[in-house]
Every structure is written in C-alpha cells, then in structure tokens.
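**Student:** Build me a structure from this.
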Amino acid sequence: MKLKQVLNNTFFNVIVSLSKAFIDLIFVKYCIENFGDNQYSDWVYIISIVSFFKLIDLGTNQTIIRTFIKEKFKEISFLFSFKILVFIFFSIASYSLIDYYFDFFSIEYIENGKLILLILVICQISHTTFCGPLSSLLISKEKFIPSIIINGLYILLPLFLFLSFSLSDLLSLAYLNIFSLVICFILLFYYSNYRLIASKINIKFNRIQLDFESNSSFFLFNLLTIFYPFVELFFLKFYLSNEILVTHIIYFKFPLLFIAFMAQLMTNYFPSVSKISINSSDDGKLYLNSLTLSLITFIYFCSILIFCFNNPLIYLWMGDGYFPSLTIMLMIQILTFSDGLIWSIHQVLLPYNPDKLKFKFFIYELITRFSIFTVLYNLNLISYDLVILTTIITKTFLLFIILKYNDFLNFNFFNNKFYLFITFSLFIYLISFFFYSDKFLITLIYSVLFMVLMIYLIYNYKNQIKDLL
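**Tutor:** I've put the predicted structure just below:
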C-alpha cells in the first residue's frame, strides 16, 4: 500500500477508535452510577454471550476478502448461499434456546434480560450475515475508510443516542441496536457498490460447495478472540463477585482499548499481505518479519505508557474510587504487551497462510488456564491477584511459543532499541517503587522521562522511522 493510503487508513482508524473509546468510557461510567455494579455486570455478561454469535459465519467473512481479491464469483456465490442458510437456522435456534432456557444463563439483576438478550443476538446474527460480506467487499477493494467508519458507526450510534437522551433502561439500548443495524447495512450496500457485481453472484441453496478447511483457521481465530476474555469474565463474575468484575473492567479498560485498536489497525494490512504472498512467498515472509519486528517494538513501548499513565486516566475517568496497586499495574503492562502482540501478529499472519497457524497452542493455553482457575476455586484459593497472575504466566508462555516456533517468523529482536526500552522500563520500575504512592509526583516524573525518551528516539532513529513508514 502507498504511504498516503496507510496514513489515511491509520488516521481514520484512530479517529473512529478514539470516538468509540470516548463514548464507551462515558457509557461505562453512566451505567455504574445509574444501574450499579450488578446490573452493569449482567450487561457485560450479555454482550459476551452475544459475541459468540459472530462465529456463525465459520470464518467465511475473512475468506470472502481473499475470494473477492481473486474474483472467484462461483465460490463467493456458495459462501453467500451458505451464510443465508446459517442465518435462518441460528435465528430460529437462538429464539428457541433463549425462550426455553433463559434461566440457564443466570442473568438475575437486569430488567427484561430475556428480551434484551434475544434482540442483541438477532442483531449480531444479522450483522454477521449481511453486513459482514459487504464490509469484506470494501476491504478487498482497499476501501478501508468507509469500512472503518460504517462499522464504527454500528457500535457508536446506539450508545450515542442512549447517552444523549439519558435513557433509564437498557432495553432501549437494545432497540437502538436494531436501528443502527439498518443504517449500517444501507451504508455498506451503497459504498461497496454491490449492485455492480450482483449479477455475477447466484444464490442457490442446493449443492453448496465450501472449502471448510481453509475457513477453519479464521473460525478458530475468531473463536479464540471471543473465548479468551469470556473465561476471565465468567470466573470473576460467578466465582468472585460483580464488584470485582467491575473493578477489573475499570483497571483494564484503557489497555483493552489499545489492544482492540492494534488488532483493528492490523486489518489494514490484510489485502497487502494477501497480494504479496500470492505473488511471491519469499517477499511475503520478508514483509511479515519486518512488520512483526516493528510491532514488537511499538507495542512494548505502548505497554510502558500504559504502566505509567493508566492510573491518571482512571482518575480522570472515574475519580478517586479506583487506584490499582503497583503490582497490579505491572501485571497490566505485561498483559498489554502479550495480548496486544498475540492478536496483532495473528491479524497480520492470517492472510499469508492461514492453514499453517498453530492454533493448538492457543487451545492448550486456554485449557491450562481454565484448569488452574478451577483447581484454585476448589481449593478455596481463588483471588483476583491469582487470576491475573495465572493469566500472565500462561499468555507469556504462549507469546514465546508463537515467536519461537512459527514457521513464518525469523528475526532477531535483540537490537539497540530493545536494550534501550528494557533499560528505560527498569528505570521506570525503580522510580515507581519509591514514589508510586504520590499520584501527582509520579505522573510528573513519568511525563518528563517520556518527553526525554521521545526526543532521543526522534533524533537518533529518524531514518528508521521514515523507513518504517
């Protein structure tokens, strides 16, 4: 991609991500203050359940990007036909499941919980089925800006309207999601110019032929991105308390916003990686290694920023009520680095050769972490610190395996910038040990240190920064 296009995509990604983050922060504060920890934790739990319905496409939305690039319209017709059948099946199945087995979900505190869950599930199924392929069509044409804005609008619009009118029940927010879905579909249909290729796509429900083996990697990736946070949420809510869950959400809100932004930003490289790998496998590997090395440096630098300025951000957002300890902040930094790098790398690696990604390591980590949580609970040793510590150990080990044993990656990240950041972070930890309790002083010290570091990097690495761009 050309530099101008990358910068434009990045700019709009930043604008949409900041808008989503800003409105989401207001929404969280509004819910906690007006509905309380119990109702808000139920809402978070509902959203987590709804997220699983993104999986009904079985990874076909990412596959559609590649098929649009290759202009394989027969395969696209099979994919579209399959998605419509899946939509019909899951709409009926989800209605029956929620109607007859709602008590199984243990949603106790939120009013009209059954109706809210049903509306949001149907909206998610509809969005995945109808909006997902249109968004893939936009991405395949490298029209990232409309895709970024419209998909951001789908999330932003209901929250914005809910907060603007200061609505007093979460059922209204569920109804607003229906309105947002319709607007999103109309905009995607218009900007994707689907009508120009509609004649080449034949929807037929007999003899659908799909290569599920190629889709399986995308499906597993989507499954893991949803299931990973769900495990922690489930244990914190049902084995500790709603209050601890809300505290966890507040502590990790800014790191998670950064991780989500990085994963979204990496989708900008999806078409370029696909095209380079299709034309030349060796060029694709060189491109991936260069991009991954830059990701490691950038995400580690941002994780140090999170360590230093997460507390001031929480204070500006929620006031004096929440102040994570120095130990928790160190854990947050490590998780920001490992999670941010894990998901960003795989967003880049997926289009290169999705069939060779070692998802079994993710599954092993997930099973190990879940087992440890279960043992700790049965021994009455479960606590918030142990949940976070266990997550750090298993995810750090997973990151090491990804970097060490991935066939695509072959680079040496022990360079001058690596040692510079390690030395800087150790100095930050030493300063924090002595002055962490003084909120104002430590924030001032962090600000001065980062200003000096930024001046040093710009002066000494300006040519490398230019080459990276």
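**Student:** all helices for the stretch 301-450 of the chain, in order.
**Tutor:** 326-349, 360-378, 384-405, 416-435, 439-460 (DSSP state H, counting those that start in this stretch).
**Student:** Dump these into a markdown table; add mean pLDDT and mean neighbour count as well.
**Tutor:** Every C-beta, even on glycine, is put in place using the N, C-alpha and C of the backbone. What follows is the helices of the stretch 301-450 of the chain, written out as a markdown table (pLDDT from 0 to 100; neighbours: other CB atoms under 10 Å):
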| stretch | mean pLDDT | mean neighbour count |
| --- | --- | --- |
| helix 326-349 | 82 | 22 |
| helix 360-378 | 82 | 16 |
| helix 384-405 | 83 | 17 |
| helix 416-435 | 83 | 14 |
| helix 439-460 | 84 | 13 |
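**Student:** just so I know, which of these lies nearest Phe238?
**Tutor:** Closest to Phe238 of those, according to CB to CB: helix 360-378, at 9.7 Å.
**Student:** Tell me the helices and strands packed up against that closest one.
**Tutor:** When contacts are defined as 3 or more CB pairs under 8 Å, 6 or more residues apart in numbering; DSSP states H and E, helix 360-378 packs onto helix 212-235, helix 384-405.
**Student:** who touches the residue at minimal distance from the centre of the chain in this structure?
**Tutor:** Residue closest to the average C-alpha location in the chain (CA atoms, centre = their mean): Ala260, at 3.7 Å. Ala260 is in contact with Ser17, counting by CB atoms under 8 Å, 6 or more residues apart in numbering.
**Student:** Kindly reformat the helices of the stretch 301-450 of the chain as JSON lines containing distance to Ile299.
**Tutor:** Listed next are those as JSON lines, based on distance: least, CB to CB, whole Å:
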{"stretch": "helix 326-349", "distance to Ile299": "5"}
{"stretch": "helix 360-378", "distance to Ile299": "18"}
{"stretch": "helix 384-405", "distance to Ile299": "11"}
{"stretch": "helix 416-435", "distance to Ile299": "11"}
{"stretch": "helix 439-460", "distance to Ile299": "15"}
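**Student:** residue ranges of the helices in the stretch 1-150 of the chain, please?
**Tutor:** Under DSSP H, counting those that start in this stretch, the stretch 1-150 of the chain gives helices at 3-51, 60-70, 73-101, 113-126, 132-140, 144-164.
**Student:** which secondary structure elements does the fifth one contact?
**Tutor:** Meaning helix 132-140. helix 60-70, helix 73-101, helix 144-164, helix 170-191, helix 270-279.
**Student:** quick one, it and helix 73-101 angle?
**Tutor:** 140 degrees (axes from the mean of the first three to the mean of the last three CA atoms, to 10 degrees).
**Student:** hmm, back to that, for the helices and strands packed on helix 132-140, which one sits closest to Thr129?
**Tutor:** Taking the helices and strands packed on helix 132-140 one by one with CB to CB, helix 73-101 is closest: 4.1 Å.
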